[in-house]
Every structure is written in C-alpha cells, then in structure tokens.
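Q: for reference, the sequence and a predicted model appear below.
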Amino acid sequence: MFKIWRKLNKTKVAIICLLVFMEAALFLILPSMAADVLNSSSIQGDTGTVYRIGGIMLLANLLTIVLAITSTRMSAKESQGLGNRLRKEIFAKVMAFSKKDISKFGTSTLMTRTTNDIMQIQLVTMLTLRLIILSPIIMLVSAFFAYQREPQLAWVFAITLPLIVLGIVILFKFANPLFRSIQKKTDRLNKVFREGLSGTRVIRAFNTTEYEENRFDEVNNDFRQTAIRAFTLLALILPIMFMTIGVSNVLIFMNGAQLISVGQMETGNLIAFVQYAVQVLMSIMQVSMLMFFLPRAEVSAERVNAVLAQEVSISDPDQAQSLKDKALSVQFNDVCFGFEGADRYAVEDISFSAQPGQTVAIIGGTGAGKSTIANLVTRLYDASKGSVEINGVDVREAKQADLRALIGYAPQKGILFSGTIRSNMRYGNPQASDEEIWHALEVAQADFVNELADGLDARVEQGGNNFSGGQKQRLSIARAIVSQPDIYIFDDSFSALDFQTDAKLRAALKPETQTAITFIIAQRVNTVVDADQILVLEEGKIVGLGSHEELKANNQIYQDIIDSQMRGEDI
Ligand SMILES: Nc1ncnc2c1ncn2[C@@H]1O[C@H](COP(=O)(O)OP(=O)(O)OP(=O)(O)O)[C@@H](O)[C@H]1O
C-alpha cells in the first residue's frame, strides 16, 4: 500500500494534513470552552461574556465545518486522482504485455484489478488521508483533556477501552480472511460472466443455457454467502461501539452525579468529560473502521502492484537499430518457438526468406503453427532459438513501434473497434483520405459498405458485432491496405470468403502489393496457388517449400492436402 501511496501528490497531502490538524484543534477546544462557561458563576452572570464565548464557539464550529468540507473534498480528489493514475498505468502496462504476459494473469483478473481493486485502494486512501491524523489526535488529546479535567473518572476508560479493543480484534480475526476470499471470488464471478457473454451463441446452439446459468448461480451464490458473512461482521462494529459508549456514559453520569452531590466535581467538568469520552471512543471506532478496510486494500494493492511490477517479456533494446532506408526483406534463420510449459516447440527450425514483391503462403492443418509464424514476424512472440530478421535487422534489435509501422496485419478473427467504418479504416493511417479508404474497401471486396446508408460514417459496434464474420474479415483486410505497409500479413483472413470472392480479392491485391512482401496464411489450397513460395507446415515443421507447381509435383504432403480438399480434381 505504501508503494502505491508514494504516487500521491506530496504537497496536496501536506495541505490536507494541515487542514485536518486545524480541524482537530478547533474541535477539541469546544468542550473545554463550554465547561468553563458552565463552571464559572462570574461568567454566567456576565451576559456579554456568555454571548462573546458563545459567538466564538459558534465561529469555531463553523470553521471546523469549513475545514472538514475542504479537507474531505481534497482527500476525495487526491484519492480519485490516484485511482485514475493507477488505471492509466495498468492500461499502458497491459498494452505493452506480450500474449505470454497477459496469460500469466488472465483477462478477468486484469479487469477486476483495474476496477474493483483500484476502488478499494481509492476508498482507503480517502479514509486514511482524513482519519490518519484526525482520529489519533482527537483520541489522545481528548483522553488527556478528560483526565486533566476529572482524573477521578478516568477509571471508566480502564473498563471500556479493553472491551472495545477486544471486540475489534476478534472481529478482525474472523473478517479478514473473508475479505481476502471475496477478492478471489470476484475474479471467478467475472470469469464465468465473461465466458457466458462471449459464448452466448454457442451456449444457445448447444442448448446449455441452463447448465451455464447453474454454473453462474454457483459462483454468484458462493460470492454472496462470503460477502454476507464478511459484511455482517463489519456491521457488528457499530453496535459494539454504541453499546460501549452507552455503558461508559451511564458509568460516568452515575459516578459524576455522586461527586457533584458531595461537592467534589463541577457540572461543567462532567459535561466536558462525557464529551471527551465520547470523542475518544468515536475516534477508536473510526480508526478501527480504517483498520478494517486497510487489509482489504492491502490485498488489492498487492494485486495492482503485481501487474505494475510484471516485467514486460518483449521490450525495446536500449540502442535500437533503424529499420528505415534499408532494402525490404524478411528472413527466418532456424527459428524455434515454444510456449511456456509446453513440452515441444510450436514451430521448429523454420528458415526461409522473402524479397519485395513476393507472396509467401503458409499452409497447414489446424494447430500446425501458421499463426505462430505470423506472430514471430510482428514480434508478439520472441524466437526461443534462431532469429527473425526484417530488413536485415534482428527484430529484437529494433523498436517495436518501428517494426509494426512496417506491417499491415489482418487477423484471423476480424477485430474491429467501436466507432465508424472511417475511424476503423484510419486505425493504421490517421491521415488516410476518403478516396484511399474507398479504394481499399474496393480491393478488399467490401462492397457492402456502398450499400450502408451512412457509408464511411456507418456505426461499428463494440468488436464489430453489427457485421457478419465475412464482413469483419473484409474490413480488417481493407484496414491493412489503408495503412500501405511494406509487409502484409493476412492470417487466415480469406477463410470466410467464397472461392470467387477469394480469387477476386487476391487479383485486386496484386497491384497493391507489388513492392511489398505479402504473407498469406491459409488452409485452402486455392488461396495459395499464386504464391511465389508456399511453406507447408506440419506439427510446427516445414515439410515442403516451393511454388504450387513444384510442390504439386514433388511433395507428397502437399499432394495429400490437394487431394483431401479437391477429392482428386485438378487445381
Ligand atoms: N497461447 C498458447 N499457449 C500454448 N500453446 C499454444 C498457444 N497458442 C497456440 N498454441 C499451440 O501452438 C501450436 C500452433 O498454434 P498456431 O495458432 O500457430 O496454429 P495454426 O496453424 O495457426 O492453427 P489454426 O489454423 O487452427 O489457427 C498449436 O499446437 C497450439 O495448440
């Protein structure tokens, strides 16, 4: 938590502490002033002095309120500002994470950490800024003033304080593990909810709505039961406090009345003692409430710090080499890559090179390692062995931003962002004109945009959910074309297109990619027939490399793929 609090604005924290200190000082003198008026018969007889002291007390009260409002507002602003900065830092960090880094945490917990955990931290920061000075000062000074006024009544504290401390310690012991468990259960709740949301269509198609509802009910009820237990314990603090305050008042009044009757105590002192005693107990309550929230926030802070401290596994070198003004090329030198924990490489001993104007097709069955090769070019993964060179530079020696500026990537799943068609098309080239966008859409065979009433201004919902899979793919292809890259990567982007559209798209793409290197990942032979070189992948290894004609003549595996797809027809 302290690590996170170091991010607070120190000047503002100092001002808040000063305001709170002044608030405490004013608050503390009020009972003494009232007691002095009540105790002194000379003051009571002097109406002018009574009014003057009353006026000062009123003013002190007003000032206390102004100070309290100002410090509360500043604490709120500072704690919200801290939350804002933490969310921004986490977002920036997660954006820099490689796929491997993200999978270390999981999407659901990253979301919970960015929302729920940061809210816990904000709440405790605000409480702390207000109470960390206010409550201990009021508690200690009130106890001192109370003792100074009437040491004869101090024994009451000897009974009430241990009672209160014992009650709070017992509550802490039981509630803390429950609050820790709530945090984990929030992650689970999010995970099941997210899975349900993203899999709605599959759930309905398999008629498993009831099964999914039961699964959600189970985690939801588990969360509810733990939360009820934790908050019931938390709610017990108030009754314990009020009961203790009540008992202490009764004891003070009983003993005080006796002392007044025998002339050993003045009425004003009794009133002041009661007020100070209440303040002592209320301050203990405030501190204990804070102590109650603190462990929860501590757990949250640990979870947030873990994300911020996570080393980004793919980072820029200190002295990056430029990729500009160099001849365009892509070269794989005996590249192997394995996922963490996997017992074999996902791709192994991959070597090939590509020159400007060439199309490299990668074909192979499901899980053969095709996307992994694309991810090695874009440096979403780093080679475990060997090297990937772009323009003669090892990708690990270049800046990621420079590398990615060279690449136009159309992913396997057409991923779009909420906004308009235009904003999505300009994603890789903010300066693109409408003409350039329409041209790219034409090349990508995205004719359907012409029919949309709003054309380029047509709305794109979150994830492009208002477009079909094939439409999303074409828009993703157009987006890659708009950025006019040196290297195109179409990762199975033609799979949702019919044969005719696939052929038309590849023909239209040719003049666009004349000076570029184009990667086409596909499972269909039709899509790769025109490629300059085709990499045939099986279980992560290249089992064939050549043109369609060469492979068709000499490569048994390629022939098998053709046979399985065309059932012997000639391609
Ligand atoms: N995040 C991951 N963690 C562990 N293993 C993975 C991960 N992603 C992919 N793999 C494994 O790596 C291998 C290659 O995956 P890759 O996605 O490159 O295949 P692919 O040829 O593109 O398949 P498809 O055509 O089905 O998309 C597969 O065996 C897969 O199980």
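A: Looks like it arrived, so ask away. Numbers count the residues shown, from 1 in each chain.
Q: for stretch 455-462, measure first residue to last.
A: With Cα to Cα, to the nearest Å as the measure, stretch 455-462 spans 18 Å from end to end.
Q: any regions of the chain where pLDDT drops low?
A: The model of the chain has pLDDT under 70 over residues 40-45, 566-571.
Q: and the next element down the chain from the strand or helix carrying Ser371?
A: Using DSSP states H and E, Ser371 sits in helix 370-377. The helix or strand immediately downstream of helix 370-377 is strand 385-390, counting by DSSP H and E.
Q: partner strands of that following strand and their direction?
A: Here strand 385-390 is paired, per DSSP bridges, with strand 330-337 (antiparallel), strand 393-394 (antiparallel).
Q: domain map for the chain?
A: Per the record, the chain has its domains at 83-309, 321-406+487-493+517-566, by automatic domain parsing.
Q: quick one: which of these is nearest the ligand?
A: Distance to the ligand, taken as Cβ to the nearest ligand atom, is lowest for domain 321-406+487-493+517-566 among these, at 3.3 Å. Just so you know, the C-beta spots here come from the backbone N, C-alpha and C atoms, and that holds for glycine as well.
Q: could you see whether the ligand lies near that closest one?
A: Yes: for a cut-off given as Cβ under 6 Å from any ligand atom, domain 321-406+487-493+517-566 has contacts with the ligand, namely 339, 342, 346, 364, 366-372.
Q: need the strands for the protein, in chain order.
A: Using DSSP state E, the strands found in the chain span residues 330-337, 347-354, 359-364, 385-390, 393-394, 407-410, 419-420, 459-460, 487-491, 517-522, 533-538, 541-546.
Q: could I get those as CSV with mean neighbour count and distance to Gly48?
A: Compiled in CSV, the strands of the chain are given as follows (neighbours: other Cβ atoms under 10 Å; distance: least, Cβ to Cβ, whole Å):
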stretch, mean neighbour count, distance to Gly48
strand 330-337, 19, 90
strand 347-354, 19, 94
strand 359-364, 25, 97
strand 385-390, 19, 90
strand 393-394, 17, 89
strand 407-410, 24, 85
strand 419-420, 16, 72
strand 459-460, 16, 74
strand 487-491, 25, 89
strand 517-522, 24, 94
strand 533-538, 22, 99
strand 541-546, 17, 102
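Q: including distance to Asn61, could these go into JSON lines?
A: Output for the strands of the chain, formatted as JSON lines (distance: least, Cβ to Cβ, whole Å):
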{"stretch": "strand 330-337", "distance to Asn61": "71"}
{"stretch": "strand 347-354", "distance to Asn61": "75"}
{"stretch": "strand 359-364", "distance to Asn61": "78"}
{"stretch": "strand 385-390", "distance to Asn61": "72"}
{"stretch": "strand 393-394", "distance to Asn61": "72"}
{"stretch": "strand 407-410", "distance to Asn61": "66"}
{"stretch": "strand 419-420", "distance to Asn61": "54"}
{"stretch": "strand 459-460", "distance to Asn61": "56"}
{"stretch": "strand 487-491", "distance to Asn61": "70"}
{"stretch": "strand 517-522", "distance to Asn61": "74"}
{"stretch": "strand 533-538", "distance to Asn61": "80"}
{"stretch": "strand 541-546", "distance to Asn61": "82"}
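Q: Ile472 touches Gly464, doesn't it?
A: Heads up, residue 472 is Lys, not Ile. Yes: between Lys472 and Gly464 there is a contact at 4.7 Å, judged by Cβ atoms under 8 Å.
Q: spell out which residues are contacts of both of the two.
A: Common neighbours of Lys472 and Gly464 (criterion: Cβ atoms under 8 Å, 6 or more residues apart in numbering): 414-416.
Q: among those residues, which ones are buried?
A: Taking 16 or more other Cβ atoms under 10 Å as the criterion, what is buried in these is 414, 416.
Q: re earlier: how about the strands paired with strand 385-390, which one is nearest Ile15?
A: Closest to Ile15 of these, according to Cβ to Cβ: strand 393-394, at 51.7 Å.
Q: contacting residues around the closest one?
A: Strand 393-394 is contacted by residues 321-323, 326, 387-388 when judged by Cβ under 8 Å, 6+ apart.
Q: just to revisit the earlier point, pull out the buried members of the residues of domain 321-406+487-493+517-566 next to the ligand.
A: Buried members of those, scored by 16+ other Cβ under 10 Å, are 346, 364, 368-372.
Q: could you identify the most distant pair in those?
A: The farthest-apart pair in these, when distances are taken by Cβ to Cβ, is Ala346 and Gly364, at 11.8 Å.
Q: if we can go back for a sec, just checking, what packs against the helix holding Ser371?
A: The elements that helix 370-377 packs onto, with contact taken as 3 or more Cβ pairs under 8 Å, 6 or more residues apart in numbering; DSSP states H and E, are strand 330-337, strand 347-354, strand 359-364, strand 385-390, strand 487-491, strand 517-522, strand 533-538.
Q: send the alpha carbons of that helix over as PDB?
A: The C-alpha trace of helix 370-377 is given here as PDB (Å, rounded to 0.1, in the frame of the first residue of the first chain):
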ATOM      1  CA  LYS A 370       0.900 -20.900 -39.100                       C
ATOM      2  CA  SER A 371      -0.300 -18.100 -36.800                       C
ATOM      3  CA  THR A 372       2.800 -18.600 -34.600                       C
ATOM      4  CA  ILE A 373       5.000 -17.700 -37.600                       C
ATOM      5  CA  ALA A 374       2.900 -14.500 -38.200                       C
ATOM      6  CA  ASN A 375       3.300 -13.600 -34.500                       C
ATOM      7  CA  LEU A 376       7.000 -14.000 -34.800                       C
ATOM      8  CA  VAL A 377       7.100 -11.600 -37.700                       C
END
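Q: now do that helix against strand 487-491, angle only.
A: Orientation of helix 370-377 against strand 487-491 (axes from the mean of the first three to the mean of the last three Cα atoms, to 10 degrees) gives an angle of 150 degrees.
Q: relative to strand 359-364, how tilted is helix 370-377?
A: Using the same axes, to 10 degrees: helix 370-377 against strand 359-364 is 140 degrees.
Q: pull the residues that contact helix 370-377.
A: By Cβ under 8 Å, 6+ apart, helix 370-377 touches 99, 330, 332, 335, 337, 346-347, 350, 362-364, 381-383, 388, 390, 395, 407, 409, 412, 487, 489, 491-492, 519, 521, 535, 537, 540.
Q: ok, stretch 68-80 next?
A: By Cβ under 8 Å, 6+ apart, the list of residues contacting stretch 68-80 from outside reads 8-9, 12-13, 15-16, 19-20, 23, 122-123, 125-126, 129-130.
Q: show me these that map onto helices.
A: Using DSSP state H, the subset of these located in helices is 12-13, 15-16, 19-20, 23, 122-123, 125-126, 129-130.
Q: as TSV, those with distance to Asp434 and neighbour count would be great.
A: Listed next are the ones in helices among the contacts of stretch 68-80 as TSV, based on distance: Cβ to Cβ, whole Å; neighbours: other Cβ atoms under 10 Å:
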residue	distance to Asp434	neighbour count
Lys12	47	15
Val13	51	17
Ile15	52	15
Ile16	52	24
Leu19	56	22
Val20	58	25
Glu23	60	25
Gln122	44	21
Leu123	48	16
Thr125	48	26
Met126	49	20
Leu129	52	25
Arg130	55	23
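Q: just send those back as CSV, with distance to the ligand too.
A: Output for the ones in helices among the contacts of stretch 68-80, formatted as CSV (distance: Cβ to the nearest ligand atom, whole Å):
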residue, distance to the ligand
Lys12, 44
Val13, 43
Ile15, 49
Ile16, 46
Leu19, 52
Val20, 51
Glu23, 55
Gln122, 34
Leu123, 36
Thr125, 37
Met126, 40
Leu129, 43
Arg130, 46
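Q: which of those sit farthest apart?
A: Glu23 and Gln122 (21.8 Å).
Q: neighbours of Glu451, just the number please.
A: Neighbour count of Glu451, defined by other Cβ atoms under 10 Å: 8.
Q: no no, Val299
A: For Val299, the neighbour count with other Cβ under 10 Å is 20.
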